[in-house]
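Undergrad: 3D model of this:
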Amino acid sequence: MVRYRNLLDCIESPLVAINKDLQIVYCNAAYARLAGQAVDAIIGQKWLDVLPELVGSNTQDAYMQALETGRMGSVESKVSHRFFIERIYTTPDGLVSVFDDVSAARRFEAVAQELGSKYHEVFDESWDSIFLLDTYTTEILHMNRSACEMFGYSREELARLNIGNLCPEEPPYSGEEFMRWLRMSSDSRSQSMEWRMRDRSGRVFWIEVKSKRVVFEDRTRLMASIRDINPVKLASEKLRHSRDTYEDFFYNASDMIFVHDLGGNLISVNPAAERITGYSVAELVRMNIQELSAGDSLELLRGFQYQRLAPGRHINYELSVVTKWDTCAHLDVSIWPLYVNGKTVAVQGIARSVTRLKEEMTRLTISEQDLKGLVYSLPDATMAIDMEGKVVVWNKAMERLTGIKASDMLGRGNFEYALAFYETRRPIMVDLVLRPEEVRQYYKVIEVDDYTVISEFKTPKLRGEGRNLWGRAMPWYSKEGRLLGAIESLRDVTERHTILQNHKQWLRESEGQGKQLIAALNSLGASVLTYDKNGKINAATEAMASWLGYQKSSQLVGKELKIVLGARAAKKLLNSQPNIDSLEWICKDGSKMTAAVEVQNIPHESQFSGGMIRIL
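TA: The predicted structure follows:
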């Protein structure tokens, strides 16, 4: 009985369960209203204490006979001026009785009995539409005021009609079929059915009709009592449609839909629960929801007080369950209370599997951590800002370069990162991607390729001194192509810059000395040329140019050494091999000449920087 309590509570007819001691063990809300008491007050009372008017009645005899024989039966009872046919079913513990209200039928019979003496009074005072018809032709002989109001005709107009004329002639609701059914009425008991009728305006509506043969003014007539049930019928149809829609949603939903009692015992689940948990529906309705739960979710469920759930309130929570396959499934759950007579009787909920989302979030978190680890481990100093200009990346190399910890810089904006390099807050190269107009005034851009900006610049304040930096800045996009900010990588090239500047100074000095030397050699008529470490001729005497067939020495300057000596000999010279006493030369016209030479390397800071060749 407890297992099916929710189902029994939904039955609209009064229902009561009595044990063999005639003690009430269950009743629904309809029975409680009939008895005029609350359900909780009735449970446990003796049946005859609740309905003392049935003491010594046929109902008591029928109950006792059912308990003694174990056979089902029925009996007509009268309770609080209402008439019921009770269907009595025996159970192992006692009996269950379901009440069918037949008060309307009994009122109809009472009307028929009173027609002879109170015909007009009964007719006009009845709420139902009542017609007296010819037994064979079903012509309308008499009708009450309610009939005129229901169909919109006067008494005189209805008296000229056949009852079949009030049918809509929509199959199967034809006048002929309705008249045939009326002629089947007996004089012993009334018959009833639902039908469709049409009023004077053409409105088609549902009715409930009861008919019976009666004796009126010494003649047998047909009496038909009609009640407009169109609102009820439409509501019932809407309810049926809603129920069908719910059942379709329940059985075909991809999310798990469930109902459990206040103890967490599952009462109902849809097929989606099988796919999510691995258990069949039959297995699940024998389980408690806590049996499925894992880890912290079990503690969460144990803390719920379902009886205190407020009406209309939904509670959302995340639940981890252990499936039949011994795997963990993550569910996003929403629950709400179910009420009967103002009391919470069960909990309904819907659960959506978010396992894949959880796994993807975990994977993304790991990927994000790996990416952050990669960025923080890059050998180049790297920083990134978002679209608001706030620092979101400041790696270890940047900490070493600037002496500022990431914890002191992350989340900072308003150009605070510029203070690591300059005296004031100002745009730096990373801002060139987002605000190019502002930054170009501060930097000389070396290269711009695919939105990547490369520049070399000097900073006056880096760890308290001026340093030369090389940088690369580029936009930062999401996987979907959305601009997230900008990234900048920096290298300290101060030493390289110093070496380069020294080398340039030496070249300038060497060039001046070389010009003086060439001028002196020209005055002596010597055949000499010099070359750099890259194999380019950087000076030659006029005698050397004339010997090779050139009009001026300037025609040799800038040419590759291999043009006048060949690739093999040029390679030997560039590999610092001075032990060469003769070389084969290639003249301007392509002819070749061999001459004794003296080769001398020109060093710079103990490094090979070029050489000089003199023809002996």
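Undergrad: And Tyr443, what's its pLDDT?
TA: Model confidence at Tyr443, expressed as pLDDT, equals 66.
Undergrad: With Val433 instead?
TA: 67.
Undergrad: In the stretch 501-616 of the chain, where is pLDDT below threshold?
TA: Within the stretch 501-616 of the chain, the stretches with pLDDT under 70 are 501-517, 520, 524, 576-578, 604-606.
Undergrad: What segments of it are strands?
TA: Along the stretch 501-616 of the chain, counting by DSSP state E, counting those that start in this stretch, strands occupy 528-532, 537-540, 582-586, 592-604, 607-615.
Undergrad: Look up phi and psi at the residue lying closest to Ile130 once chain neighbours are set aside.
TA: Spatially, and ignoring its direct neighbours in sequence, Ile130 is nearest to Asn144 (4.8 Å; C-beta to C-beta, 6 or more residues apart in numbering). Heads up, the C-betas are built off the backbone N, CA and C, glycines and all. Asn144 adopts backbone torsions of phi -100, psi 180, taken as degrees, to the nearest 10.
Undergrad: and Asn144, how far is that from Phe131?
TA: For Asn144, the distance to Phe131 (C-beta to C-beta, to the nearest Å) stands at 8 Å.
Undergrad: swap in Val564?
TA: According to C-beta to C-beta, Val564 stands 133 Å off from Phe131.
Undergrad: now swap in Arg356 and tell me
TA: 68 Å.
Undergrad: ok, these two, which is more surrounded?
TA: The residue with more neighbours, out of Arg356 and Phe131 and counting by other C-beta atoms under 10 Å, is Phe131; that gives 25 against 9.
Undergrad: hang on, the earlier thing: closest one to Asp386 among the strands of the stretch 501-616 of the chain?
TA: Nearest of the strands of the stretch 501-616 of the chain to Asp386, taken as C-beta to C-beta: strand 607-615 at 46.9 Å.
Undergrad: Each with direction, which strands does the closest one pair with?
TA: Sheet pairing for strand 607-615, assigned by DSSP bridges, gives strand 528-532 (antiparallel), strand 592-604 (antiparallel).
Undergrad: Out of those, the one nearest Glu416 is which?
TA: Glu416 lies closest to strand 592-604 among the strands paired with strand 607-615, at 44.2 Å (C-beta to C-beta).
Undergrad: Now do that closest one and strand 582-586, the angle between them.
TA: Going by axes from the mean of the first three to the mean of the last three C-alpha atoms, to 10 degrees, strand 592-604 is angled at 110 degrees with respect to strand 582-586.
Undergrad: in the protein, what secondary structure element scores lowest on mean pLDDT?
TA: When the helices and strands of the chain are scored by mean pLDDT, DSSP states H and E, strand 445-449 comes last with a mean of 57.
Undergrad: right, and the helix or strand after that one?
TA: Using DSSP states H and E, the helix or strand that follows strand 445-449 towards the C-terminus is strand 452-462.
Undergrad: So Glu170 versus Gly411, what's the distance?
TA: Applying C-beta to C-beta, the value for Glu170 to Gly411 is 75 Å.
Undergrad: er, Gly164 I mean
TA: Remark: distance between Gly164 and Gly411 (C-beta to C-beta) = 87 Å.
Undergrad: out of these two, which sits in the busier spot?
TA: When neighbours are counted by other C-beta under 10 Å, Gly164 and Gly411 differ, and Gly164 comes out ahead with 19 against 12.
Undergrad: list the contacts for the residue lying closest to that one once chain neighbours are set aside?
TA: Using C-beta to C-beta, 6+ apart and skipping the chain neighbours, the partner closest in space to Gly164 is Gly175 (2.8 Å). Counting by C-beta atoms under 8 Å, 6 or more residues apart in numbering, Gly175 touches Asn162, Ile163, Gly164, Asn165, Leu166, Cys167, Glu169.
Undergrad: For these, give me JSON lines that also has pLDDT, secondary structure and distance to Arg425.
TA: Shown next, in JSON lines, are the contacts of Gly175 (pLDDT from 0 to 100; DSSP: H, G, I helix; E, B strand; the rest coil; distance: C-beta to C-beta, whole Å):
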{"residue": "Asn162", "pLDDT": "94", "secondary structure": "strand", "distance to Arg425": "100"}
{"residue": "Ile163", "pLDDT": "94", "secondary structure": "helix", "distance to Arg425": "97"}
{"residue": "Gly164", "pLDDT": "93", "secondary structure": "helix", "distance to Arg425": "97"}
{"residue": "Asn165", "pLDDT": "94", "secondary structure": "helix", "distance to Arg425": "96"}
{"residue": "Leu166", "pLDDT": "95", "secondary structure": "helix", "distance to Arg425": "92"}
{"residue": "Cys167", "pLDDT": "95", "secondary structure": "coil", "distance to Arg425": "91"}
{"residue": "Glu169", "pLDDT": "88", "secondary structure": "coil", "distance to Arg425": "90"}
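Undergrad: And these, which of them are buried?
TA: Asn162, Ile163, Gly164, Leu166, Cys167 (16 or more other C-beta atoms under 10 Å).
Undergrad: Kindly reformat the residues you listed as CSV containing distance to Thr382.
TA: Listed next are the buried ones among the contacts of Gly175 as CSV, based on distance: C-beta to C-beta, whole Å:
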residue, distance to Thr382
Asn162, 98
Ile163, 95
Gly164, 94
Leu166, 90
Cys167, 88
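Undergrad: from those residues, which single one is nearest Lys46?
TA: Distance to Lys46 across these (C-beta to C-beta) is lowest for Ile163, with 50.5 Å.
Undergrad: Just the pLDDT for the residue lying closest to that closest one once chain neighbours are set aside.
TA: Spatially, and ignoring its direct neighbours in sequence, Ile163 is nearest to Thr138 (4.9 Å; C-beta to C-beta, 6+ apart). The model reports Thr138 with a pLDDT of 93.
Undergrad: try the one 4 residues further on
TA: Turning to His142, the model gives it a pLDDT of 89.
Undergrad: That one belongs to a strand?
TA: Yes. Under DSSP: H, G, I helix; E, B strand; the rest coil, His142 falls within a strand.
Undergrad: so what's the residue lying closest to it once chain neighbours are set aside up against?
TA: Nearest residue to His142, sequence neighbours excluded (C-beta to C-beta, 6+ apart): Leu132, at 4.1 Å. If you count contacts by C-beta under 8 Å, 6+ apart, Leu132 has them with Ile140, Leu141, His142, Met143, Val214, Phe216, Arg221, Leu222, Met223.
Undergrad: Gln23 now?
TA: The contact partners of Gln23, taken as C-beta under 8 Å, 6+ apart, are Gly44, Gln45, Lys46, Trp47.
Undergrad: Can you turn the buried subset of these into a selection I can paste into ChimeraX?
TA: Buried members of those, defined by 16+ other C-beta under 10 Å, are picked up in ChimeraX with:
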select :45,47
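Undergrad: So, low pLDDT: which residues of the stretch 51-200 of the chain?
TA: In the stretch 51-200 of the chain, residues with pLDDT under 70: 111-123.
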